[in-house]
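J.: Below is the structure, and that's it, no one-letter string:
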Ligand code: PLP
């Protein structure tokens, strides 16, 4: 038997206990919320902590960041008031005229923001088909490209991009790699271990898991001038995550492993059931062996594949909308990564300008009973197709 002193606790244990939190004075195992907007200096007129005003952070937010840093195997993590504000900080820190390489299809909000910067001549943008490393390589300008953006699996097509190979490609050209792994949280994919310079998650999704917080988190395993600039952007724009939401996030993260495991199992059951369905043209899910990203996903997501998938139904756009309308267990709502299952007609939400199939329905599979979810989709398809 290993000596107790040599035993390294698993991240599941650390997460369930919020890093074995004990409040020193009372012994409370649940942290208090630190809501203050300002901090009194000590008797030498020095700040007592690295923050002296709320826009720098707070103890509650720092606790949540420490948990995510351990989960991500990161040196530092930084929480923002939404995923978008974290992504914006990365975009904003790039110098005028920087060349960036991004997927053609990715989360529409980030793509829209990158296009806004391009339209104002703040950035020069080249794009590649998500997952296609040859196209990524061709889009990169050696020693000129500053940032390569990977979103894997990408939203809403769930195409898988090899993170380790992307890191090699980006670094060989002198560029940094930003990886958005929102669809596969750090209990499945740790992008920094695979070579990313910035790992990003919309913590609104799986990390929190209860659809009651918006948050975003960036993590790095080495600090740099870029990182210092991003910290300053968060401070000056006032986009730090507030303490109440950080507290909810800490509570949500305690059950991350359990929630994600159940979502993945449910998603796999749904994918297997609907893979060759009469009313479904294509089912996009990297967990299916027939999916082009399956083998990379297996390596990159700890063999779990995630709880996100999309269905392209046969028939018309109205048939697709009707399936979403007729669901009684799946909520017809946007977002993902919560305990409750959601279905969304993506084109309605992302708008006409965004390249998404008009008959695509995005599913975020929650932790309910798999048979209830399958039955619900079946009855909605039957009703929609009359
Ligand atoms: N990245 C991805 C892949 C997302 O799915 C989302 C939101 O859906 C975001 C970024 C933006 O995150 P937030 O909604 O927390 O601002």
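T.: Great, that's in hand. Everything quoted here is computed from the prediction, not taken from an experiment. Numbers count the residues shown, from 1 in each chain.
J.: show me where the stretch 1-150 of the chain has helices.
T.: 11-16, 59-72, 83-93, 108-119, 133-139 (DSSP state H, counting those that start in this stretch).
J.: Dump those into a markdown table; add mean pLDDT and mean neighbour count as well.
T.: To be clear about C-beta, it is placed using only N, CA and C from the backbone, and glycine gets the same treatment. Shown next, in a markdown table, are these (pLDDT from 0 to 100; neighbours: other Cβ atoms under 10 Å):
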| stretch | mean pLDDT | mean neighbour count |
| --- | --- | --- |
| helix 11-16 | 98 | 16 |
| helix 59-72 | 98 | 22 |
| helix 83-93 | 98 | 21 |
| helix 108-119 | 97 | 17 |
| helix 133-139 | 98 | 16 |
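J.: Kindly present these as JSON lines, with separate columns for distance to the ligand.
T.: Output for those, formatted as JSON lines (distance: least, Cβ to the nearest ligand atom, whole Å):
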{"stretch": "helix 11-16", "distance to the ligand": "20"}
{"stretch": "helix 59-72", "distance to the ligand": "14"}
{"stretch": "helix 83-93", "distance to the ligand": "2"}
{"stretch": "helix 108-119", "distance to the ligand": "5"}
{"stretch": "helix 133-139", "distance to the ligand": "18"}
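J.: okay, those helices in CSV with distance to residue 288 next?
T.: What follows is those, written out as CSV (distance: least, Cβ to Cβ, whole Å):
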stretch, distance to residue 288
helix 11-16, 27
helix 59-72, 28
helix 83-93, 27
helix 108-119, 25
helix 133-139, 21
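J.: can you tell me which residues contact residue 192?
T.: Residue 192 makes contact with 72, 73, 74, 199, 219, 220, 221, according to Cβ atoms under 8 Å, 6 or more residues apart in numbering.
J.: With residue 350 instead?
T.: Applying Cβ under 8 Å, 6+ apart, we find residue 350 in contact with 108, 156, 356.
J.: Let's see that with 7 Å instead.
T.: Residue 350 sits next to 108, 356 when contact means Cβ atoms under 7 Å, 6 or more residues apart in numbering.
J.: ok, now residue 88?
T.: Residues near residue 88 by Cβ under 7 Å, 6+ apart: residue 113.
J.: So it versus residue 175, what's the distance?
T.: For residue 88, the distance to residue 175 equals 20 Å [Cβ to Cβ, to the nearest Å].
J.: Over to residue 311: give its phi and psi.
T.: phi -120, psi 130 (degrees, to the nearest 10).
J.: same deal with residue 82?
T.: As for residue 82, its main-chain torsions (degrees, to the nearest 10) stand at phi -160, psi 170.
J.: thought it was touching residue 213?
T.: No - here residue 82 does not reach residue 213: they are 9.5 Å apart, not a contact under Cβ atoms under 7 Å.
J.: Compare those two (neighbour count), which wins?
T.: residue 213 (23 against 19; other Cβ atoms under 10 Å).
J.: tell me the SS of that one?
T.: Under DSSP: H, G, I helix; E, B strand; the rest coil, residue 213 falls in the coil class.
J.: going forward, begin numbering at 28 instead of 1
T.: All set: I'll call the first residue 28, so the last point we hit is now residue 240.
J.: give the contact list for it.
T.: 231, 272, 275, 276.
J.: that's a strand at the first one, yeah?
T.: No - assessed with three-state DSSP, residue 231 is coil; it does not lie in a strand.
J.: Next up, the contacts around the residue lying closest to it once chain neighbours are set aside.
T.: Nearest residue to residue 231, sequence neighbours excluded (Cβ to Cβ, 6 or more residues apart in numbering): residue 241, at 4.6 Å. Contact analysis of residue 241 by Cβ under 7 Å, 6+ apart lists 108, 109, 231.
J.: Make a markdown table out of the residues you listed and add distance to residue 154 and pLDDT.
T.: Compiled in a markdown table, the contacts of residue 241 are given as follows (distance: Cβ to Cβ, whole Å; pLDDT from 0 to 100):
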| residue | distance to residue 154 | pLDDT |
| --- | --- | --- |
| 108 | 28 | 98 |
| 109 | 24 | 98 |
| 231 | 25 | 98 |
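J.: What are the boundaries of the helices in the stretch 278-413 of the chain?
T.: Under DSSP H, counting those that start in this stretch, the stretch 278-413 of the chain gives helices at 283-301, 321-327, 344-353, 373-377, 397-411.
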